[in-house]
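Chemist: Predicted structure and sequence below. I'll ask about it afterward.
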Amino acid sequence: MHDFGHLGISASRHLGISASRHLASRIARHVSFLITSLLLPISSLAATALDVRGVSVTFSPQGDSLSEIIRTLHSAKRRIDVAPFFLSHTNLIDTLCFLSAKQKLKVRCFMDPASTAPAECHVLDRLAQNGVEVYVVQVPDGKMHLKCAVVDDGVVITGAANWTVRGFENNVEDSLFLQSPALAQAYRARMDRLLPISELYHAPRLDDSERFESKPSKLSQSKPPTLTYAAPRLQRFSSVRSARVFFSSDSEPDNGLLASETILSRIHAAQKRVDVAMYLLVEPTLVEALAQKATEGKVPVRLLVDSGMLDSSSRTVLETLVAAGVQVNWLGNEKFSMHLKTLVLDEAQVWTGSANWSQSAFAHNIEDLVLIESADLARAYTRHFDTLHAAATPFQPASLSVSAPSNAPASAEFPIGLPPTGPRTNWPSGLQDVASEDLLLSASARYLADEEYLPALLDLIRNAHQSVLASMYVMGEPQKDQPNLNQLTAALAQAVQRGVYVHLVLHMPLSEAVTMNQIHLDWAENLRAKGVDVRLHIPTIPLHEKVVVVDLAKVLIGSHNWSEGALSSQKVTESGVLLVLPQQDRRLADHILNRESIRDMRTPALWQEELRTLRQLGNTSGKERDTLLDQLEPEEMP
Amino acid sequence: MSLRYSLLSLLLLARATFGLAQTNPSDLILLRNGRELSGRLIQETSAGYVLIPAGAPTQIQRIPREATAYVLYADPAQAAKLLGLDSVARNLSKAPAPAEVRLLAAEPFGKALLEAARSATNSIWISAYYFSDSRAAPIKDFYATLREKAAAGVEVVILVENSTASPPAMRRANANFAAQLSGDGIQTLLWSGTNKALHKKLVIIDGRILLLGSSNLSLSGTYGSIEMNILTEAPHLVQPAIADFQRLCTQLKQRQAAP
């Protein structure tokens, strides 16, 4: 996606293309669906407003979602149907096994085929061995993406959360508990319609003695929070005007189309506010609708997305929306995701469920989109949205201004201290060639396991005569207690004091949301203040090596990163070698000094600006990239 | 700029200077701003270097230490003495001969890895942090070779990270790929039951060849990223790596046997 023209494609045209692509398979399946459809006229149900007696909402991380789901499951008297997309949280697996094997409830579990992979199938084995009917749902070109449950004939649990540890303990998620026989019927009917495309899962046989016997273990302790706040506690509301649910699926394309058209018209009609919290937002018509709403300027449009949206092509969506006046913030890193799929309108209605706003969600996957008309619920979501949006980072489109040439004072013949740097002029035009020839050395050598590395490293640095050159994938996250990392940085600073040149190249991730980004930026500032010539590697190529070269003759190579866990050998087990050459060899030193790194290290603001531009280059390709490179070309000096 | 040249000069004895004058290649100084100077180094102190530039024998340049990135001495013997290379080397190993070591960036590592695996007649022992097949050579051919070798009776053992220290998604990926490989007769051992991550990247062929470094056994370890590894057949490097590998396998088996 290199232009924004595609954003204008209408919903019906877009979905029409994908629908026709799968026409043949759809017709084939229609026969089997006809039978169930005659019994359960669900498509009409989906469009109807349904009665809801009450609704509870919980949020993750560290909220009440997990305990409330378990409590609700335990309230079942007869039967439970679950479709959890991913199921790996032990407490939930225990609960389902207990209810099936000991309480003799009828438990059905609908799973995506991803759960049958060797590393995951033990969960299905356990469920099946405890009497749970496990169905593996085959969705052509899509996923069984539901994360919902029906308890008896009265309660539906749904929301964004997968039933995993990450889902409840790390991610930003919501879980809804809807007291509604009508909704329960609709959800159960949706699951029944999965049966023709499902296979019953057969687990290896198990002795009765190995069957689930005891009550489920108590809730596991939450991990340390990944955000600085905990989600609000359980909130219950009885004032629900009505609810509607849309189930998209490639075999029922009208449902997905109806859902997206309903969302479009509701956004268009919004009077007071439009708040979207979306893990992935790329569906062109919905992007266009938000942009249009913001351009009108009458109603504030706020968007919260996951950091995954910062990557590659989805980034252009954010740029489009910011340009239209949407307030775009992002949240998340490699440890947690902003996983909500929520739209809140006018403090009056809430949309949530399993569906991201992507083409596959509306046309291929099996998803639920539930619309609840409740002022109280909408206000609860808005309050939570306010907190999240304030905690999140505003999305900054990269500026393409090229800094003016350095006005550094005319240098002395031999400038001392940190080398002078200035603005980049040669923007990398592609993947840099990695050294293609190997280097043969003859050296005294020693194998270094685990804790043998740090003493060898410190010894090299403390006895360095002229230069310590290193390139490093990870420099550890600063912690309170890091004696080994402190020893290392102190040794580097002392070497600088002795006049030794210390040059350290650090990896920079392509996404600024990865925690290592900020950690390495902080180290650059910290160590450059101590005279260490820290260079940040260009973010478009991973710098994964861990190499130290001292005095052009002493070399450390291996797997040890400069993290406290590796240096102390307490958390990681590593191997490396120390090589001492009989004479100096500049080739490996030049390998480190010639790493392609950020050019402008004059101030943190300047190096961050260059990083932003390089990342933007890394996230584009083809013609768009050429245009960017043209714009970056500095003007000829007269 | 006044330069404080200490009288406590480290060295550059007259004899060394004299010796230098007779050798033709120049000393080389790389300045921190990227400039290279060459000539004859006549003095070195804690403050800096004194150089007679090549082609200007009547001039003297005094270069502050804080302006210098590195110095490449023309005379290897002088460098070894100045930098203490001999004594460090003596302390390092009692091996009679220096080790022959190949330094391998990502792409040469991929080639060397495949070549080494193809040469195996007896055993291939691997410790991996992350491993993954790929549709691209050489990693695709590497795993194909492992399967062929296992089928031909070569002992192929892969110890792979699966501790609680690693992200669940990576653990799952490792476990799934391990299950695939063990279906092909390769012994895969999941490093589990601990919160200490296995980050050693070792490949040992026939107890004779050792590859070690930063590359994971995946596409990115062999293409497109900056990596550095070594390959060696020097027994005093290979033997401790074997002992290390066997120690880890034993540890894992003890953990699995524990109640």
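Modeler: Now that the structure is in, tell me what you want to look at. Numbering: from 1, shown residues only, chains lettered A, B, ... in the order given.

Chemist: Packing partners of the stretch of helix or strand B:A112 belongs to?
Modeler: Using DSSP states H and E, B:A112 sits in helix B:106-118. Using 3 or more C-beta pairs under 8 Å, 6 or more residues apart in numbering or on different chains; DSSP states H and E, the elements in contact with helix B:106-118 are strand B:99-104, helix B:139-151, strand B:202-205, strand B:209-213, helix B:219-222, strand B:229-232. In this view, the C-beta of every residue, glycine as well, is placed from N, C-alpha and C.

Chemist: got these as JSON lines, with mean neighbour count and mean pLDDT columns?
Modeler: Compiled in JSON lines, the helices and strands packed on helix B:106-118 are given as follows (neighbours: other C-beta atoms under 10 Å in any protein chain shown; pLDDT from 0 to 100):
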{"stretch": "strand B:99-104", "mean neighbour count": "21", "mean pLDDT": "95"}
{"stretch": "helix B:139-151", "mean neighbour count": "19", "mean pLDDT": "97"}
{"stretch": "strand B:202-205", "mean neighbour count": "25", "mean pLDDT": "98"}
{"stretch": "strand B:209-213", "mean neighbour count": "25", "mean pLDDT": "98"}
{"stretch": "helix B:219-222", "mean neighbour count": "24", "mean pLDDT": "93"}
{"stretch": "strand B:229-232", "mean neighbour count": "26", "mean pLDDT": "97"}
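
Chemist: and of those, who's closest to chain A?
Modeler: The stretch from the helices and strands packed on helix B:106-118 with the least distance to chain A (C-beta to the nearest C-beta) is strand B:99-104; that distance is 4.1 Å.

Chemist: For that closest one, give me every contacting residue.
Modeler: Outside strand B:99-104, the residues that touch it by C-beta atoms under 8 Å, 6 or more residues apart in numbering or on different chains are A:438-445, A:557, A:577, A:579, A:588, B:108, B:112, B:211, B:213, B:227-234, B:236-237.

Chemist: same thing but at 6 Å, please
Modeler: When contacts are defined by C-beta atoms under 6 Å, 6 or more residues apart in numbering or on different chains, strand B:99-104 is touched by residues A:438-443, A:445, B:112, B:229-232, B:234, B:237.

Chemist: Please apply the same query to stretch A:327-346.
Modeler: Residues lying outside stretch A:327-346 but in contact with it, judged by C-beta under 6 Å, 6+ apart, are A:160, A:170-174, A:226, A:266, A:270-272, A:275-277, A:279, A:302-307, A:318, A:321-322, A:350-352, A:355-356, A:378, A:381-382, A:389, A:392-395, A:513-515.

Chemist: Write out the residues of the stretch 451-600 of chain A neighbouring chain B.
Modeler: Of all the residues in the stretch 451-600 of chain A, those in contact range of chain B (C-beta under 6 Å from any C-beta of the partner chain) are A:465-467, A:499, A:501, A:542-547, A:551-553, A:557, A:559, A:571-575, A:577, A:580, A:583-584, A:586.

Chemist: Select from the contacts of strand B:99-104 the one having the most neighbours.
Modeler: Neighbours here mean other C-beta atoms under 10 Å in any protein chain shown. Within the contacts of strand B:99-104, the largest count is held by B:N229, at 29 neighbours.

Chemist: Report the beta-bridge partners for that one.
Modeler: Going by DSSP bridges, B:N229 is paired in beta bridges with B:L104, B:G213.

Chemist: Repeat that for A:Y447.
Modeler: The residues paired with A:Y447 through beta bridges, assigned by DSSP bridges, are A:V577.

Chemist: B:L237 is in contact with that one, correct?
Modeler: Yes: the pair A:Y447 and B:L237 qualifies as a contact (C-beta atoms under 6 Å) at a distance of 5.1 Å.

Chemist: quick one: the nearest residue to A:E525 once chain neighbours are set aside and A:N365, what's the gap?
Modeler: Distance criterion C-beta to C-beta, 6 or more residues apart in numbering or on different chains; nearest residue to A:E525, sequence neighbours excluded, is A:P604 at 5.6 Å. For A:P604, the distance to A:N365 under the criterion C-beta to C-beta, to the nearest Å works out to 43 Å.

Chemist: and if you look at A:E633?
Modeler: 44 Å.

Chemist: Compare these two (neighbour count), which wins?
Modeler: Taking neighbours as other C-beta under 10 Å, A:E633 and A:N365 compare with A:N365 leading, 25 against 11.

Chemist: Confirm for me that that one is in contact with A:H145.
Modeler: Yes: with contacts counted by C-beta under 6 Å, A:N365 reaches A:H145, the gap being 4.4 Å.

Chemist: Could you chop the chain up by domain?
Modeler: No chain was given, so I picked chain A. A:5-217+A:230-394, A:444-632 (automatic domain parsing).

Chemist: not what I meant, chain B
Modeler: B:14-90, B:101-257.

Chemist: low pLDDT regions in the chain?
Modeler: I went with chain A, as the question did not name one. Within chain A, the ranges that satisfy pLDDT under 70 run A:1-47, A:206-229, A:399-411, A:429-437, A:634-638.

Chemist: my bad, chain B
Modeler: In the prediction, chain B carries residues with pLDDT under 70 at positions B:1-24, B:93-96, B:259.

Chemist: Grab the longest helix from it for me.
Modeler: helix B:235-257 (DSSP state H).

Chemist: Show me which positions of it end up buried.
Modeler: Buried residues in helix B:235-257, counted by 16 or more other C-beta atoms under 10 Å in any protein chain shown: B:236-238, B:240-242, B:244-245, B:248-249, B:252.

Chemist: cool, and stretch B:70-83?
Modeler: By neighbour count with 16+ other C-beta under 10 Å, stretch B:70-83 contains the buried residues B:70-75, B:78-80, B:82-83.

Chemist: Endpoints of it, how far apart?
Modeler: Its start and end residues considered, stretch B:70-83 measures 12 Å (C-alpha to C-alpha, to the nearest Å).

Chemist: Stretch B:177-194 too?
Modeler: Stretch B:177-194 has its terminal residues 20 Å apart, counting by C-alpha to C-alpha.

Chemist: For chain B, give me its nearest residue in the stretch 201-350 of chain A.
Modeler: Counting by C-beta to the nearest C-beta, the stretch 201-350 of chain A gets nearest chain B through A:E334, at 7.3 Å.

Chemist: give me the number of residues near that residue?
Modeler: By other C-beta under 10 Å, the burial measure for A:E334, its neighbour count, is 15.

Chemist: ok, and which of the buried residues of stretch B:70-83 reach chain A?
Modeler: When contact is defined as C-beta under 6 Å from any C-beta, the buried residues of stretch B:70-83 meet chain A at B:70-72, B:79, B:83.

Chemist: Include distance to A:I538 when you put the helices and strands packed on helix B:106-118 into CSV, please.
Modeler: Written out in CSV, the entries for the helices and strands packed on helix B:106-118 read as follows (distance: least, C-beta to C-beta, whole Å):
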stretch, distance to A:I538
strand B:99-104, 22
helix B:139-151, 24
strand B:202-205, 29
strand B:209-213, 22
helix B:219-222, 16
strand B:229-232, 22
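
Chemist: re the thing from before, want to throw the contacts of strand B:99-104 into JSON lines with distance to A:S314?
Modeler: Shown next, in JSON lines, are the contacts of strand B:99-104 (distance: C-beta to C-beta, whole Å):
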{"residue": "A:D438", "distance to A:S314": "39"}
{"residue": "A:L439", "distance to A:S314": "40"}
{"residue": "A:L440", "distance to A:S314": "45"}
{"residue": "A:L441", "distance to A:S314": "45"}
{"residue": "A:S442", "distance to A:S314": "51"}
{"residue": "A:A443", "distance to A:S314": "48"}
{"residue": "A:A445", "distance to A:S314": "47"}
{"residue": "B:A112", "distance to A:S314": "38"}
{"residue": "B:N229", "distance to A:S314": "35"}
{"residue": "B:I230", "distance to A:S314": "40"}
{"residue": "B:L231", "distance to A:S314": "41"}
{"residue": "B:T232", "distance to A:S314": "45"}
{"residue": "B:A234", "distance to A:S314": "50"}
{"residue": "B:L237", "distance to A:S314": "47"}
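
Chemist: ok, of those, which one's closest to A:L614?
Modeler: Closest approach to A:L614 among the contacts of strand B:99-104 (C-beta to C-beta): B:N229, at 26.8 Å.
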